[in-house]
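[1] Build me a model:
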Amino acid sequence: MKRIYLIPILALQILPLQARQPEKGYRGFIEWSNDMRRPEYYYFGKETQIFSGISTSHGYQINPDLFVGAGVAIELHSNNGTQNWLVPLFAQIRTDRKWGDFTPFGDLRVGYSAVSGSDRGFFLSPSIGYRFNWGRKAGLNIGLGWTMKTYRDMQYSLVYDEVNNTTNFIENGKTNYTSNYLTLRIGFDF
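    Numbering: from 1, shown residues only. As a prediction, the model looks like this:
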């Protein structure tokens with residue numbers, strides 16, 4: 001019976017009693033993220049891809065509304081025994097707003113990413129969310145956004161061999177790809 005009362009008490013601990021803006025000076029973030037998309041491959045059917053990982057960014061809070069910094073993320077996608085790593089390096093701009101006790105934020109990450117087995121490419125990830133204040137120096141952030149990643153990879157064509165009655169994949173060289181993901185981030189700032 002005591003456990004039933006524990007959950008609402010813990011929930012009240014993360015709700016802001018008084019909304020506060022971040023103070024001027026150093027500010028850092030540690031976040032867990034999930035990027036999800038459901039692409040349609042013409043030859044392989046549909047497959048949901050989820051990149052899951054962590055990111056950290058550090059910078060300077062210029063004023064209570066504006067943060068500028070840089071960071072790195074490491075994300076992993078496992079599929080059929082293969083592991084694909086994504087490592088974006090990014091610049092970050094973030095605005096924290098205060099409307100009464102409501103403290104939303106907007107975040108933009110722009111940079112360059114490396115994908116295992118592929119060339120590097122452009123990385124863009126805007127998001128919006130809510131900051132649960134734990135004082136001027138700490139907070140819990142929950143954000144939802146969109147992530148675009150470009151990369152180069154091998155392109156294949158499906159060719160039918162009439163003599164052997166088989167279908168084969170033929171390499172056509174490297175081509176540019178763009179992937180769009182729905183992004184969820186949960187983390188702390190300090």
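
[2] what is the mean pLDDT for the helix or strand where Ile170 lies?
    If you go by DSSP states H and E, Ile170 is part of strand 166-189. Averaging pLDDT along strand 166-189 gives 85.

[3] what comes up buried for it?
    Using 16 or more other C-beta atoms under 10 Å as the test for burial, strand 166-189 gives Ser179, Tyr181, Thr183, Leu184, Arg185, Gly187, Asp189. In this view, the C-beta of every residue, glycine as well, is placed from N, C-alpha and C.

[4] same deal with stretch 64-82?
    Buried, per 16+ other C-beta under 10 Å, within stretch 64-82: Pro64, Phe67, Gly69, Gly71, Ala73, Glu75, His77.

[5] partners of the strand holding Ile170, with directions?
    Its sheet considered, strand 166-189 pairs with strand 25-37 (antiparallel), strand 139-161 (antiparallel) by DSSP bridges.

[6] residues contacting Thr167?
    By C-beta atoms under 8 Å, 6 or more residues apart in numbering, the contact set of Thr167 is Leu158, Val159, Tyr160, Asp161.

[7] How far does stretch 78-85 stretch from one end to the other?
    This stretch, stretch 78-85, spans 9 Å end to end (C-alpha to C-alpha, to the nearest Å).

[8] Enumerate the beta-bridge partners assigned to Asn141.
    Judged by DSSP bridges, the bridge partners of Asn141 are Arg131, Gly187.

[9] Count the neighbours of it for me.
    When neighbours are counted by other C-beta atoms under 10 Å, Asn141 registers 22.

[10] Relative to Asp107, how far out is it?
    9 Å (C-beta to C-beta, to the nearest Å).

[11] you'd agree Ile93 is in a strand?
    Yes: assessed with DSSP: H, G, I helix; E, B strand; the rest coil, Ile93 lies in a strand.

[12] Need the pLDDT of the nearest residue to it once chain neighbours are set aside.
    The spatial neighbour of Ile93 that comes closest, neighbours along the chain excluded (C-beta to C-beta, 6 or more residues apart in numbering), is Leu108 at 4.9 Å. Leu108 is assigned 98 on the pLDDT scale.

[13] what about Leu108, which helix or strand?
    Following DSSP H and E, one finds Leu108 within strand 104-115.
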